[in-house]
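K.L.:
My questions are about this predicted structure, shown below with the sequence.
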Amino acid sequence: MLNKNQWFRSSFLEYRTVITMLYLAGIVFTTVSCSEGNGKNKKNAEILEVPVFTLSPKSIEVPQTYVCDLQAIQFVEVRSKVEGFVEKIYVDEGQSVKKGQPLFQLSSAEYNELVNSAKAKLMQAKAEEKSATLEVERLKVLVDKKIYSQSELELAQSKKDMAQSSILEAESMLKNAQVGLSYTTVKAPFDGIVDRIPYKTGSLVKSGDLLTNITDISEIFAYYRITENEYLEFMRGELDKGSDNEQMNQQVKETLQKEQEEISLIMSDGVVYPYKGKLETMEADFEQGTGSIALRVRFPNPDQLIKHGASGKVQMKSMLNDVFLIPQKSTFEIQEYNYVYLVDSENKVNVRSFRPMGRHGLFYIAQDFKPNDKVVLEGIQLLKDDVTVKTNPVGEDEIYKSLDLNL
């Protein structure tokens, strides 16, 4: 029989043997499992199914917005032409006025005296002219009777001419005095709205001081700028139609007028203005420094909602032909380039870079593709170059359902 120590030693050896066998079995099982797992992942990667759609060129109208400066069709500074005190203010700020309506009355006592003095001088000149005329007539009779010599008559005639010139001078002085007097009553130059009135009753104003502004906002001008490239693109389009230099200005004007229904105004709060604008003209020169040129749009303003100096955005629609629409979810961006995955005829994917021309909804507008290119729609984060995939075609109706393309 085994003693106690021998039995314990024998049992420990058997236990260690069993543990070792179990450990080796575990290693073998883990290795086999990993090998089977890698095989399954590899198999899954080889048969990855992705949705794809086929590109075809489109013609679309793309809205383009430009920040604009809104101005009244008439904005005039009303300034004092003479020096004086403000005696009366006939209007209030924000009031609508008519052409010729009195706005301010300046002190006029001095100018009244000038008018009276000019009238007196005119009366004196007329009296002297009448006296000289009578003298000439009297001397004519005496000269005919040989009582006076001809030289006496000529001297009297020269005095009469001087008296007539004095009348003309006095009339001119009277007109100037009356004009100066009229300047003391400041009137509205046209129908419009009164702006802020900085001077109050009793204030002393000098010649040239600003009394107020008058604005006519029955219509509004919207000025916005386009780049030189946009201008050249537009003008080349006109040249391609066969326009010659002599007809260019007229053709541009007619083209601008044809686009009047395509111009909208977006107010500063994002609400679209209910009235459409008419593109009228453009400046003659490019602005130095920015390289842009300004265009002018006229908008009706019957409700006087838009005020002079307001801001907004002009929205126009431009037609783009033979372009491709790439969903943004199909792309990823690295620095200034965008990328998509294309599927070739062997169902292998390859990354492709492109530069979008702009955006239209949730799509990029591009020209760097060919018809029938197949683009991976989703799952691009699981792809890499030369991976073979299983394609699941998606129709255009499903891709472009958010856009009105008249498919």
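P.N.:
Received it, and whenever you're ready, just let me know what you need. Residues are numbered from 1 along each chain as shown.

K.L.:
where along the stretch 101-250 of the chain do the helices fall?
P.N.:
109-144, 150-182, 228-240, 245-258 (DSSP state H, counting those that start in this stretch).

K.L.:
Was I right to think Ser149 contacts Leu142?
P.N.:
No. Taking contacts as C-beta atoms under 8 Å, Ser149 lies outside contact range of Leu142: 9.6 Å. Backbone N, C-alpha and C define where each C-beta goes, glycine included.

K.L.:
Overlap of the contact sets of these two?
P.N.:
The contact sets of Ser149 and Leu142 do not overlap (C-beta atoms under 8 Å, 6 or more residues apart in numbering).

K.L.:
show me the contacts for the residue nearest in space to the middle of the chain.
P.N.:
By C-alpha atoms, centre = their mean, the chain has its centre lying nearest to Cys68, at 2.1 Å. Cys68 is in contact with Ala222, Tyr223, Tyr224, Leu265, Val297, Ser311, Gly312, Lys313, Val314, counting by C-beta under 8 Å, 6+ apart.

K.L.:
partners of the first one in the sheet?
P.N.:
Taking DSSP bridges as the rule, Ala222 bridges to Leu70, Val297.

K.L.:
shouldn't it be in contact with Pro300?
P.N.:
No. Counting by C-beta under 8 Å, Pro300 is not a contact partner of Ala222; they are 11.7 Å apart.

K.L.:
which of those two has more neighbours?
P.N.:
Ala222 (25 against 15; other C-beta atoms under 10 Å).

K.L.:
what's the distance between the more buried one and Lys313?
P.N.:
Plainly put, Ala222 is 9 Å away from Lys313 if you go by C-beta to C-beta, to the nearest Å.

K.L.:
Which residues are in contact with each of the two?
P.N.:
With C-beta under 8 Å, 6+ apart, Ala222 and Lys313 have common neighbours Cys68, Leu265.

K.L.:
Report the contact partners of the nearest residue to Tyr231 once chain neighbours are set aside.
P.N.:
Of all residues not flanking Tyr231 in the chain, Ile293 sits nearest, at 5.5 Å (C-beta to C-beta, 6 or more residues apart in numbering). Neighbouring residues of Ile293 by C-beta under 8 Å, 6+ apart: Arg225, Ile226, Glu228, Tyr231, Met282, Glu283, Asp285, Phe286, Glu287.

K.L.:
likewise Pro393?
P.N.:
With contact set as C-beta under 8 Å, 6+ apart, Pro393 has these partners: Pro51, Val52, Phe53, Thr54.

K.L.:
Same check on Ser80?
P.N.:
Leu106, Tyr183, Val186, Val205, Lys206, Ser207, Gly208, Asp209, Leu211.

K.L.:
again, only using 7 Å
P.N.:
By C-beta atoms under 7 Å, 6 or more residues apart in numbering, the contact set of Ser80 is Leu106, Val205, Lys206, Ser207, Gly208, Asp209, Leu211.

K.L.:
What about the residue lying closest to Gln157 once chain neighbours are set aside, how many residues nearby?
P.N.:
Distances taken as C-beta to C-beta, 6+ apart put Val136 closest to Gln157, at 5.5 Å, once the chain neighbours are dropped. Residues lying near Val136 (other C-beta under 10 Å) number 18.

K.L.:
Quick check: end-to-end length of stretch 329-349?
P.N.:
Using C-alpha to C-alpha, to the nearest Å, the end-to-end distance of stretch 329-349 comes out at 17 Å.

K.L.:
May I see the buried residues of it?
P.N.:
Using 16 or more other C-beta atoms under 10 Å as the test for burial, stretch 329-349 gives Ser330, Thr331, Asn338, Val340, Tyr341, Leu342, Val343, Val349.

K.L.:
Tell me which strands the helix or strand hosting the last one pairs with, and in which orientation.
P.N.:
Counting by DSSP states H and E, the secondary-structure element that holds Val349 is strand 349-354. Here the strand partners of strand 349-354, with direction, are listed using DSSP bridges: strand 337-343 (antiparallel).
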